[in-house]
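Peer 1: Sequence first, predicted coordinates after that:
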Amino acid sequence: MNRLNLEHRITDDGEHHLVLSLPDGPYTMCASDVEVLVQTLAEYREIMLPPVTMEAPPGPRAAVLDPRCSMVREPTINGCGMHLRHPGLGWISFGIPRRSLVELCSITGRLLSELQDEQQPTFPN
């Protein structure tokens, strides 16, 4: 699958829809096809309204446990590039400018301090 036949439509009342056309009926996808589909859908979702909320969702959420992470200095934004691996979505990259990087370090430092202050469980031998 090199290209998806997708069309972004906005109705008269402002609702956003994505139309996927499959002229030949069902399409069987391999892993690389699914990656193209997910990437393409994410690109369209980014321009659709309403936008993804800026607020973090409340309460517990399903999460990837201990994801792989890579961070590199990124001079073009005076900060860093952070790359997180999701087993279904692949590597997701973020450009984090210095001011946001300082805030991220403060948050993680505070959480790490709280974890270190907690009583560590003891396990029998």
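Peer 2: Sure thing, it's come through.

Peer 1: how's the protein carved up into domains?
Peer 2: Domain assignment for the chain by automatic domain parsing gives 6-47, 69-117.

Peer 1: mind putting those domains in JSON lines, mean pLDDT, mean neighbour count and distance to Gly59 included?
Peer 2: C-beta: built from backbone N, CA, C; applies to glycine. JSON lines is the format used below for the domains of the chain (pLDDT from 0 to 100; neighbours: other Cβ atoms under 10 Å; distance: least, Cβ to Cβ, whole Å):
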{"stretch": "domain 6-47", "mean pLDDT": "82", "mean neighbour count": "10", "distance to Gly59": "23"}
{"stretch": "domain 69-117", "mean pLDDT": "95", "mean neighbour count": "12", "distance to Gly59": "18"}
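
Peer 1: Columns distance to Pro57 on top of the ones you listed, output as CSV?
Peer 2: Listed next are the domains of the chain as CSV, based on distance: least, Cβ to Cβ, whole Å:
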stretch, distance to Pro57
domain 6-47, 16
domain 69-117, 16
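
Peer 1: Now do the same for Val64: its pLDDT.
Peer 2: Reading off the confidence values, Val64 has pLDDT 92.

Peer 1: give the contact list for it.
Peer 2: If a contact means Cβ atoms under 8 Å, 6 or more residues apart in numbering, then Val64 has 86-87 as its contacts.

Peer 1: Now do the SS call for the most centrally placed residue in the chain.
Peer 2: A centroid search over the chain (Cα atoms, centre = their mean) returns Ile92, at 5.6 Å, as the residue closest to the centre. The three-state label given to Ile92 by DSSP: H, G, I helix; E, B strand; the rest coil is strand.

Peer 1: and what of Ser100?
Peer 2: Here Ser100 is recorded as helix under three-state DSSP.

Peer 1: Just give the nearest non-adjacent residue to it, would you?
Peer 2: Gly79 (6.9 Å; Cβ to Cβ, 6 or more residues apart in numbering).

Peer 1: in the sheet, who's paired with the one you found?
Peer 2: Gly79 has the following beta-bridge partners by DSSP bridges: Glu74, Pro97.
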